[in-house]
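In: Quick one, fold the following:
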Amino acid sequence: QVQLVESGGGLVQAGGSLRLSCAASGRAFSKYAMGWFRQAPGKEREFVAAVTWSGGGTYYADSVKGRFTLSRDNAKNTVYLQMNSLKPEDTAVYYCAADWFPPDIATTIAEYDYWGQGTQVTVSS
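Out: As a prediction, this is how the structure comes out:
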């Protein structure tokens, strides 16, 4: 089992940057694939980015590709989501999620086993 705590959200102007962190507690963090999802008011939760358990592969939603970068530091049990060139449509609560040792990268909510409580990101125009 793993517990996830997100941090780093806040208010930023369009074009700015934020770095979200997700700290995991529990054993075997390096065997979890990690993902980020977001949910805007009145909308369904959507996939943002994911990284394999080894850190060797990443995958991004088209809406953030080229602007967001996901990385992980298994020594620190932490994943990071660097968000650049932020747009007002990036405004949402961002959630970190963990998927136990999957055979492939996971991009759907149902594939993830554990979730954080979320951190608010607000981008003003």
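
In: Skipping adjacent residues, who's closest to residue 78 in space?
Out: Spatial nearest neighbour of residue 78, chain neighbours left out: residue 23 (5.2 Å); criterion: CB to CB, 6 or more residues apart in numbering. In this view, the C-beta of every residue, glycine as well, is placed from N, C-alpha and C.

In: Who is that neighbour paired with across the strands?
Out: Going by DSSP bridges, residue 23 is paired in beta bridges with residue 5, residue 78.

In: any idea how far it is from residue 15?
Out: 28 Å (CB to CB, to the nearest Å).

In: thinking again about what came up before, I figured the residue nearest to residue 78 was touching residue 7, is that so?
Out: Yes - with contact defined as CB atoms under 8 Å, residue 23 counts as touching residue 7 (7.3 Å).

In: okay, which residue is most central for this protein?
Out: Against the mean C-alpha coordinate of the chain, by CA atoms, centre = their mean, the closest residue is residue 36 at 2.3 Å.

In: so which helix or strand takes in it?
Out: Per DSSP states H and E: residue 36 is located in strand 32-39.

In: Could you list the residues in contact with that strand?
Out: For strand 32-39, the external contacting residues (CB atoms under 8 Å, 6 or more residues apart in numbering) are 2, 20, 22, 24, 45-53, 70, 72, 79, 81, 90, 92-102, 105-107, 109, 112, 114, 118, 121.

In: So what are the sheet partners of that strand and their directions?
Out: Applying DSSP bridges, strand 32-39 is found paired with strand 46-51 (antiparallel), strand 92-100 (antiparallel).

In: Next secondary structure after the longest one?
Out: Of the helices and strands lying after strand 92-100 in sequence (DSSP H and E), the nearest is strand 114-115.
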